[in-house]
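Student: fold the stuff below for me.
(one chain, ligands or ions: 1)
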Amino acid sequence: MPQQVTVTEHILLHQKMVPGATGQFTRLFNELVLSAKIITRAVNKAGLVDILGFTGDVNVQGEEVKKLDEYANRILIHRLARSGVLCAMASEENADIIEVPDSLPRGDYIIIFDPLDGSSNIDVNVNIGTIFSIYKRKSDSGGPLMSSDVLQKGSEQVAAGYVLYGSSTMLVFTCGDGVHGFTLDPSVGEFLLSHPNIRIPEQGKIYSVNEGYERYWDRETKQVLAYFKSPKNALRKPYSGRYIGSLVADFHRNLLYGGIFLYPADLRDPKKPSGKLRLTCECNPMAFIVEQAGGMAIDGGQRVLDIEPDHLHQRIPFYCGSLNDVKMVQDIFEEARSGKQR
Ligand code: AFP
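Tutor: Residues are numbered from 1 along each chain as shown. Coordinates of the predicted model:
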């Protein structure tokens, strides 16, 4: 470990540097950290206690709900509501905005989260994660909350991050001043700074995509993949293909090693013409992190952080990672739009 700085110390230092900071953000973050520890405890006991498998319910996405998904969602809603600084929450698992009960104090922050991303990997002991995105309301405090307070562009995020439940538990986040990674030391129960100021390599060597769906992709995405697999690309050799199927895990590996994650538009399911990933709880937080680390995220047409969300569970095509790799994707899409052929 380079330094033994805890995540709480780090956030308090950040608070000191923000003029007029009230400590509200620090309280919210403390509840997130506690939730991550509680979820880690459950993940580590999976297989020993009755937490694997399905609950029997179907969520707003039409997917069967796993017990651990439901547990993580419950922990986050319960803990975060008690931070006293939120006016609303939204979860990938809930159809609507979750209001903070009248009985609890409220503040101006809004948090959107995916409680347990990669749930199809839960029962087979493969990495899963929690993703979060934090905003401040735009309308006046105390007045009625507007849908525009929750549906802000990703560029308005105050902070974003993820918790990766892997060979160790890691918390990686940005408050807009770089990306920092903390590893949970179970012997002291603290997240310690292990990866200060993470920078994604400008040139990647890995592509991550569910290639089984290639036949359903648009022409541009097929061209992109042909580029990454060609010995005539920037690397002068084919990239390595790596796909875990948990966005957090695929993203984290690419962040550290360099690479690109793709979840393209998919013509297979007419209900999901824009692919599978959700703008507000998956793409925006990852886009904020990758940009802060020196990378890039686009939907094939525009910068992800510039997209005006039109509803909470909106899906977008997602291309995210090392600068040179995502720029290449952008060039291919732009050439296709202008009618040029490669
Ligand atoms: P689940 O939580 O339903 O497993 O979905 C995970 C996810 O949203 C994201 O983490 C993965 O990158 C992506 O879906 C995997 O989707 P495919 O199974 O279609 O490749």
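Student: and the stretch 201-342 of the chain, which of its residues are near the ligand?
Tutor: Residues of the stretch 201-342 of the chain lying close to the ligand by Cβ under 6 Å from any ligand atom are Asn210, Gly245, Ser246, Leu247, Lys276, Leu277. Where C-beta positions appear, they are placed from N, C-alpha and C, glycine not excepted.
Student: quick check: which of the residues you listed has the minimum pLDDT.
Tutor: Least confident of these in the model: Lys276, at 92.
Student: what sits closest to that one if chain neighbours are left out?
Tutor: Tyr263 (5.8 Å; Cβ to Cβ, 6 or more residues apart in numbering).
Student: tally of neighbours for that neighbour?
Tutor: 24 (other Cβ atoms under 10 Å).
Student: please pick the buried ones from the residues of the stretch 201-342 of the chain next to the ligand.
Tutor: Among these, those classed as buried by 16 or more other Cβ atoms under 10 Å are Ser246, Leu247, Lys276, Leu277.
Student: got the contact list for the last one?
Tutor: Looking back up the chat, that one is Leu277. Leu247, Tyr263, Cys283, Arg315, Ile316, Phe318 (Cβ atoms under 8 Å, 6 or more residues apart in numbering).
Student: nearest to Tyr109, of the residues you listed?
Tutor: Proximity of the contacts of Leu277 to Tyr109 (Cβ to Cβ) peaks at Cys283, which lies at 20.4 Å.
Student: separation between the closest one and Val326?
Tutor: Cys283 is 13 Å from Val326, where distance means Cβ to Cβ, to the nearest Å.
Student: more neighbours: the two, which one.
Tutor: Taking other Cβ under 10 Å, Cys283 and Val326 do not tie; Cys283 has more neighbours (29 against 22).
Student: what's stretch 166-178 in contact with?
Tutor: Taking Cβ under 8 Å, 6+ apart as the rule, stretch 166-178 contacts 7, 14, 25, 33, 36, 40, 43, 127, 157-164, 179-184, 191, 194-195, 197-198, 249, 252, 255, 288-289, 292-293.
Student: strands - which of those land there?
Tutor: 159-164, 179-184, 191, 194-195 (DSSP state E).
Student: and these, which of them are buried?
Tutor: Burial by neighbour count, judged by 16+ other Cβ under 10 Å, picks out 159-164, 179-184, 191, 194 from these.
Student: wasn't Ile332 part of a helix?
Tutor: Yes. According to DSSP: H, G, I helix; E, B strand; the rest coil, Ile332 belongs to a helix.
Student: wait, isn't it in contact with Lys222?
Tutor: No. Here Ile332 does not reach Lys222: they are 9.9 Å apart, not a contact under Cβ atoms under 8 Å.
Student: compare neighbour counts for these two and give me the winner.
Tutor: More crowded of Ile332 and Lys222, by other Cβ under 10 Å: Ile332, with 21 against 14.
Student: which residues of the stretch 1-150 of the chain fall in helices?
Tutor: Taking DSSP state H, counting those that start in this stretch as the test, the helices found in the stretch 1-150 of the chain are 7-17, 24-45, 67-81, 147-150.
Student: nearest to Ala226, of the ones you listed?
Tutor: Across the helices of the stretch 1-150 of the chain, Ala226 has its closest neighbour in helix 67-81 (36.1 Å, Cβ to Cβ).
Student: what residues of the closest one count as buried?
Tutor: 67-73, 75-77, 79-81.
Student: least confident of those?
Tutor: Lys67 (84).
Student: ok, that residue to Arg74 distance?
Tutor: 11 Å.
Student: shaky segments in the protein?
Tutor: Flagging of the chain using pLDDT under 70 yields the residue ranges 1-3, 47-55, 59-65, 341-342.
Student: hang on, the earlier thing: distance to Glu93 for the helices of the stretch 1-150 of the chain - can I get that in JSON lines?
Tutor: As requested, those are exported to JSON lines (distance: least, Cβ to Cβ, whole Å):
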{"stretch": "helix 7-17", "distance to Glu93": "25"}
{"stretch": "helix 24-45", "distance to Glu93": "14"}
{"stretch": "helix 67-81", "distance to Glu93": "5"}
{"stretch": "helix 147-150", "distance to Glu93": "16"}
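Student: closest to Ser240 out of these?
Tutor: Among the helices of the stretch 1-150 of the chain, the nearest to Ser240 by Cβ to Cβ is helix 24-45 (27.5 Å).
Student: by contact count, what packs against that closest one?
Tutor: helix 7-17, helix 67-81, strand 109-117, strand 128-136, strand 159-165, strand 169-174, strand 179-185 (3 or more Cβ pairs under 8 Å, 6 or more residues apart in numbering; DSSP states H and E).
Student: so what's Thr26 up against?
Tutor: With Cβ under 8 Å, 6+ apart, Thr26 has these contacts: Thr8, Ile11, Leu12, Gln15.
Student: show me which residues of the stretch 51-200 of the chain sit near the ligand.
Tutor: Residues of the stretch 51-200 of the chain lying near the ligand (Cβ under 6 Å from any ligand atom): Glu63, Asp117, Gly118, Ser119, Ser120.
Student: joint contacts of Cys283 and Val326?
Tutor: Residues touching both Cys283 and Val326 (Cβ under 8 Å, 6+ apart): Ala297, Cys320.
Student: just to revisit the earlier point, can you lay out the contacts of Leu277 as CSV showing secondary structure?
Tutor: Formatted as CSV, these follow (three-state DSSP):
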residue, secondary structure
Leu247, helix
Tyr263, strand
Cys283, helix
Arg315, strand
Ile316, coil
Phe318, strand
